[in-house]
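turn this into a structure:
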Amino acid sequence: MTILDAAIIGSGFSGLCAAIHLKKAGFENIQILEKASEVGGTWRENTYPGAACDVQSHLYSFSFAPNPNWSHVFSGWQEIQNYIVQTSYQFGLRSHIKFNAEVASATFDEQSQIWKIALVNGESLQARTLIMGTGPLHVPAMPNIKGLKDFKGAVFHSSQWNHEVDLSDKKVASIGTGGSAIQYVPEVAKKAKALSVFQRTPAWVLPRNERAYTGLEKWLFKHVPGWRRLYRSWLYLTNEARILPFRHPVFIRISETVAKWHMKRSVKDTELRKKLTPNYTIGCKRILISNQYYPAFNRSNVNLITDQIIEIRENSVVTVNQTGKETAHEVDTLILGTGFVADPTQYMESMPITGVNGKTLLDVWDGNANAYYGLNVSGFPNLFMMVGPNTGLGHNSIIFMIEAQTNYIIDALKKLRKKGGGRLSGSVDVKPQAQEKFNRKLYQELEGTVWQTGCQSWYIKEGGKNFTIWPNSTVSYYFQTKKVKDDAFVWNTSNVNSVNVDDVSPNRKTTIKEGV
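Residues are numbered from 1 along each chain as shown. Model prediction:
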């Protein structure tokens, strides 16, 4: 059986970025394992009306593969998905992708120092390196509501949108008011006979620069590369400045003032504004951006319901108010905007990753996901996670983090290849004390930030541990991961397997050019 240099799980932004740079570094013997029939990850799955990115398009794309033809400042899911597909062709990745190849498990063989990967379809592979590009937001979080299975009408999660259901003349219920809901609610409101939005916790919503690019701007982006790079840099710096409200009270107050002004100018009814106003510090939960969400509640066919849901019946959603009065809200279509399972100790249950001494990631984590810079976990040699624990952002583009992590992975593998005499062999494993020291400092830096002010959010586990957010600037992450710290790892290039495989030439590179 051929031994791959690297097996990459997932073909979203993370997986493709890793594959592109592996090829550039001379690691051509790679394979991307994709559970679906096309690349794209999140942007392949989320096709609900109004789906778009909340980071500007020219920043939410690879720095080495710019697209001068973005139609809007914040482009919709279809454009982003098209960009991802086009990128997979541009960099010659299609032949490296194995579609409909869902991973069932992966086990590190300590004797051969090889990852053995089993697929759901019964196939198996072997790889020296395992890169997880699965992303943290791909398993829908289904609400545990009494009677949900008894509902007689159409029911679907926002990430599994049923486009065959015609919402015209329907009484629609939307459960949840998170990042997806604020995008599809205004679109559903335009079609539905009645829309009931069931809100458990209101979100802070800021305005956004929602506009199309002019023909002149597109011409400049295409024909004046320096202008495009300057524009991207400006977007990056203005987004990076948004870290300040998460750490300094004066900027928090300014952000809340802007959000309240945005609500006041958008929502006519005073009582409705009270219901839409959060009682927690802005930034504690994810800050949302939209110009369309608040005005949707001015429509006569839209009703905001803040009473607690206690049951779903065949044709209604039942709530109870603070006095104990129950109300049955008649609906015939139910949309679940309840987000995703973000905790890796939960969404990885179906895909056991086993390291040394037969311990799985879930065994080692024991309900407390953590890693070294979100990338390495001690006891799992040659395993690299992308967008792993505590590398999520609340202020800038995750693509920046993905590119930084990719550079780190390539640096580690180049060093391993060099230590192996020009051949990728052996293993590299982060020392447990290095991982512990990193996480102690990380949690200290999270203290005093807005994320730790007491609200419940998907950033934080029950008990208060934040397993999601990188608490500092992306600049600091870039410099801290620019080079692998040799002394933080155990490098093992002895006692490797004797299987004959072709050496990888360190001089064989794939050229990365600008342009999409």
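
show me the domain layout of this protein.
3-138+341-492, 148-215+248-336 (automatic domain parsing).

closest one to His223 among these?
Ranking the domains of the chain by proximity to His223 (Cβ to Cβ) places domain 3-138+341-492 first, at 8.2 Å. Bear in mind the C-beta positions are built from the backbone N, C-alpha and C, glycine included.

start to end distance for the closest one?
Using Cα to Cα, to the nearest Å, one end of domain 3-138+341-492 lies 18 Å from the other.

can you put the domains of the chain in JSON lines and add mean neighbour count, mean pLDDT and distance to Arg232?
Formatted as JSON lines, those follow (neighbours: other Cβ atoms under 10 Å; pLDDT from 0 to 100; distance: least, Cβ to Cβ, whole Å):
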{"stretch": "domain 3-138+341-492", "mean neighbour count": "19", "mean pLDDT": "95", "distance to Arg232": "5"}
{"stretch": "domain 148-215+248-336", "mean neighbour count": "17", "mean pLDDT": "96", "distance to Arg232": "13"}
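
can I get the ones you listed in TSV with distance to Ser233?
Below are these laid out as TSV (distance: least, Cβ to Cβ, whole Å):
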stretch	distance to Ser233
domain 3-138+341-492	9
domain 148-215+248-336	17
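
among these, which is nearest Arg229?
domain 3-138+341-492 (8.1 Å).

which phi and psi values does Val331 adopt?
Val331 adopts backbone torsions of phi -140, psi 160, taken as degrees, to the nearest 10.

from memory it sits against Ala173, does it?
Yes. With contact defined as Cβ atoms under 8 Å, Val331 reaches Ala173; the gap is 4.1 Å.

shared neighbours of these two, anything?
Both Val331 and Ala173 are contacted by Ser196, Val317, under the criterion Cβ atoms under 8 Å, 6 or more residues apart in numbering.

to Phe221, which of the domains of the chain lies closest?
Nearest of the domains of the chain (Cβ to Cβ): domain 3-138+341-492, 3.6 Å.

ok, back up a step: what about the domains of the chain, which gets the closest to Trp234?
Taking the domains of the chain one by one with Cβ to Cβ, domain 3-138+341-492 is closest: 9.6 Å.

neighbouring contacts of stretch 62-76?
Contacts of stretch 62-76 (Cβ under 8 Å, 6+ apart): 13, 17, 20, 50-58, 61, 79, 83, 87, 90-91, 208-213, 218, 221-222, 228, 232, 399, 403, 512, 514-516.

which of these fall in helices?
Using DSSP state H, the members of the contacts of stretch 62-76 that fall in helices are 13, 17, 20, 79, 83, 87, 90, 218, 221-222, 228, 232, 399, 403.

now, which of the residues you listed sits nearest Lys264?
Using Cβ to Cβ, these come closest to Lys264 at Glu79, 32.4 Å.

could I get the contacting residues of that closest one?
Ser57, Trp70, Ser71, His72.

possible to save those residues as JSON lines with secondary structure and distance to Arg286?
Putting the contacts of Glu79 into JSON lines (DSSP: H, G, I helix; E, B strand; the rest coil; distance: Cβ to Cβ, whole Å) gives the following:
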{"residue": "Ser57", "secondary structure": "coil", "distance to Arg286": "20"}
{"residue": "Trp70", "secondary structure": "coil", "distance to Arg286": "24"}
{"residue": "Ser71", "secondary structure": "coil", "distance to Arg286": "25"}
{"residue": "His72", "secondary structure": "strand", "distance to Arg286": "21"}
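
give me the phi and psi for Glu462.
Torsion angles, degrees, to the nearest 10, at Glu462: phi -60, psi 120.

circling back to that earlier point, can you redo the contacts of Glu79 as a markdown table with distance to Trp204?
Converted to a markdown table, these look like this (distance: Cβ to Cβ, whole Å):
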| residue | distance to Trp204 |
| --- | --- |
| Ser57 | 23 |
| Trp70 | 27 |
| Ser71 | 28 |
| His72 | 23 |
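
biggest separation within those, which pair?
Among the contacts of Glu79, the pair separated by the greatest distance (Cβ to Cβ) is Ser57 and Ser71, at 8.2 Å.

what about Leu235, which SS state?
Taken by DSSP: H, G, I helix; E, B strand; the rest coil, the conformation at Leu235 corresponds to helix.

sorry, slip of the keys, the one I care about is Asn357.
Going by three-state DSSP: Asn357 is helix.

again with Ala173
strand.

and what of Asp5?
Reduced to three states by three-state DSSP, Asp5 is strand.

wait, doesn't Val185 sit right on Tyr293?
Yes. Val185 lies in contact with Tyr293 (Cβ under 8 Å); the separation is 6.2 Å.

roughly how far is the helix or strand that contains Arg440 from the heart of the chain?
Using DSSP states H and E, Arg440 sits within helix 432-446. Remark: helix 432-446 is offset 23 Å from the chain centroid, using Cα atoms, centre = their mean, to the nearest Å.

what helices or strands is the helix or strand in which Trp43 is found leaning on?
Element membership for Trp43 (DSSP H and E) is helix 42-45. With contacts defined as 3 or more Cβ pairs under 8 Å, 6 or more residues apart in numbering; DSSP states H and E, helix 42-45 has these neighbours: helix 77-90.
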